[in-house]
Every structure is written in C-alpha cells, then in structure tokens.
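>>> Kindly generate the corresponding structure for this input.
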Amino acid sequence: MKCRHAEISDLKSICSLLADEFYDDPVLRFAFTDTGREQRLSRLEGFFRIYFNLALEYGGILLAENDVGVLVYFRPELMEINEEEHQQVNCLLQQECGSDYDKVISLMNGLENSHPHTDPHFYVFLIAVRSSCRRKGVATALLAALNMMLDREEMGCYAECTTLTTQYLFGQLGYGEISPPLMIEGFPSLYPVWREPAVLAPASADLDTVLLI
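Numbering: from 1, shown residues only. Below is the predicted model:
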C-alpha cells in the first residue's frame with residue numbers, strides 16, 4: 001500500500017476522519033465530554049486542525065491510499081518552539097475547545113511533561129484508520145513508511161498508545177515499551193513506546209516503493 005504526505009488541501013478530509021475515528025477514543029473521550037455528538041465532532045475537528053497545521057510546519061502527515069488512514073508525526077524541531085508559539089497554540093485550543101478546554105489542556109500538558117527529553121527524535125502524535133478499513137494493513141503501511149524515513153535519517157521515535165491493541169501493533173513494528181503506563185490525572189492510562197532506528201541494508205527497498213513524497 002502506497003502512502004503520501006498530505007497537503008493543506010487535505011485538511012478538511014483528514015480532520016473529519018480523525019474526528020470520526022477518535023470520537024470514542026478511550027483517552028480523548030475524557031477530554032471532550034461537555035457537548036452533544038455534533039458539537040463534540042466539531043470540537044474534535046477544530047482540535048485536530050490545530051495539530052494538522054502544526055505538523056505541516058514541524059513534521060508531516062502521512063496519508064494512506066484512498067485516504068483511509070492517517071499518521072501525524074512531528075520532527076525534533078517541535079521541541080524547540082518558543083514560548084510565544086506555545087501561547088499561540090494555547091489560544092487556538094481555547095477557541096476550538098470551548099468548555100472542554102480545561103480538560104484538553106490538562107491532557108496536553110500531561111503529555112508534554114512526560115515526553116522524553118533525550119536525543120532528537122520523531123514523535124507519532126496520531127494514527128487513525130477508517131473503521132471500515134481496519135485489520136487490512138493500513139496502520140502497518142503507515143508505520144512502515146514512517147519507519148523507513150526514521151531509518152534513513154537515523155532517528156529514534158516516541159509515541160503514546162491509548163490502547164494495548166495499539167501498543168501491540170507498534171510492538172510488531174519495532175516499538176518497545178519504555179516505561180510503566182503513563183498516568184495523567186482524570187484520564188485512563190497511556191502506553192509509551194520507543195523505536196531505535198534500524199541499520200539499513202544496502203539492498204533495502206527504495207523509500208518510494210511505500211511512500212510517495
């Protein structure tokens with residue numbers, strides 16, 4: 001399955017997919033709780049829109065064939081943004097999340113405070129697959145495409161999984177458990193994982209066989 005990097009023109013469809021697939025997420029459902037379905041979906045889309053735009057600047061968004069899956073990642077430069085940029089993100093979250101803002105910022109601060117500040121590394125922020133296309137290798141293809149980028153750049157990668165099923169999937173692709181479950185007050189456990197870059201063999205497949213730049 002081929003994957004490509006998303007562009008700004010993909011914003012609406014990607015944020016809609018993310019909102020649909022994270023609507024019942026075991027962690028985010030504790031952040032977005034104060035509204036009915038339509039309002040909640042709207043707030044989720046607004047939340048994802050903020051990080052879509054941030055990823056365009058400081059990372060990337062991988063999109064699977066036929067737009068059935070998406071992976072949002074950040075490069076090490078995200079860790080270097082200044083206080084003014086932090087405040088800009090904070091203001092956008094206030095605008096988009098409304099009465100859910102306090103819970104959302106509590107989650108995001110908890111994730112940031114627990115993020116490893118070690119060697120420069122990539123960060124998988126989100127991965128989602130359309131429900132009708134799950135168990136068909138979409139998430140595996142997205143992670144495989146990312147892993148080839150990581151190996152090419154000799155970069156490690158960190159992620160938090162919201163379910164043990166997702167942690168198992170990451171484990172199948174080289175991401176090992178690095179700490180006890182992450183506990184953020186008011187939210188279920190998250191499961192941090194880490195992957196070291198692999199040494200590429202001379203005859204390894206060209207990146208373009210799985211990833212269209």
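>>> What is the helix or strand in which Glu57 is found packed up against?
Using DSSP states H and E, the element containing Glu57 is helix 37-58. If you count contacts as 3 or more C-beta pairs under 8 Å, 6 or more residues apart in numbering; DSSP states H and E, helix 37-58 packs onto helix 11-21, strand 69-74, helix 83-97, strand 121-129. Any C-beta I mention is one placed from the backbone N, CA and C, and that applies to glycine too.
>>> now, of the ones you listed, which is deepest in the fold?
Neighbour counts (mean count of other C-beta atoms under 10 Å) averaged over each of these peak at strand 69-74, with a mean of 24.
>>> now it against helix 37-58, angle please.
50 degrees (axes from the mean of the first three to the mean of the last three C-alpha atoms, to 10 degrees).
>>> what lines up beside strand 69-74 in the sheet?
In the sheet, strand 69-74 lines up against strand 59-64 (antiparallel), strand 121-129 (antiparallel) (DSSP bridges).
>>> Need the pLDDT of the closest residue to Met79 other than its chain neighbours.
Among residues not flanking Met79 along the chain, His117 sits closest, at 7.3 Å (C-beta to C-beta, 6 or more residues apart in numbering). pLDDT for His117: 85.
>>> Then His117 would be within a strand, right?
No - counting by DSSP: H, G, I helix; E, B strand; the rest coil, His117 is not found in a strand; it is coil.
>>> Let's test this: mean pLDDT of stretch 87-100, rounded?
95.
>>> how about that stretch as PDB, C-alpha atoms only?
Written as PDB, here are the backbone C-alpha positions of stretch 87-100 (Å, rounded to 0.1, in the frame of the first residue of the first chain):
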ATOM      1  CA  GLN A  87       0.900  30.600  23.700                       C
ATOM      2  CA  GLN A  88      -0.400  30.800  20.100                       C
ATOM      3  CA  VAL A  89      -1.300  27.100  20.300                       C
ATOM      4  CA  ASN A  90      -2.900  27.600  23.700                       C
ATOM      5  CA  CYS A  91      -5.100  30.400  22.400                       C
ATOM      6  CA  LEU A  92      -6.200  28.300  19.400                       C
ATOM      7  CA  LEU A  93      -7.100  25.500  21.800                       C
ATOM      8  CA  GLN A  94      -9.200  27.800  23.900                       C
ATOM      9  CA  GLN A  95     -11.100  29.000  20.700                       C
ATOM     10  CA  GLU A  96     -11.700  25.500  19.400                       C
ATOM     11  CA  CYS A  97     -12.400  23.500  22.500                       C
ATOM     12  CA  GLY A  98     -14.700  25.800  24.400                       C
ATOM     13  CA  SER A  99     -15.900  24.400  27.700                       C
ATOM     14  CA  ASP A 100     -13.700  21.300  27.100                       C
END
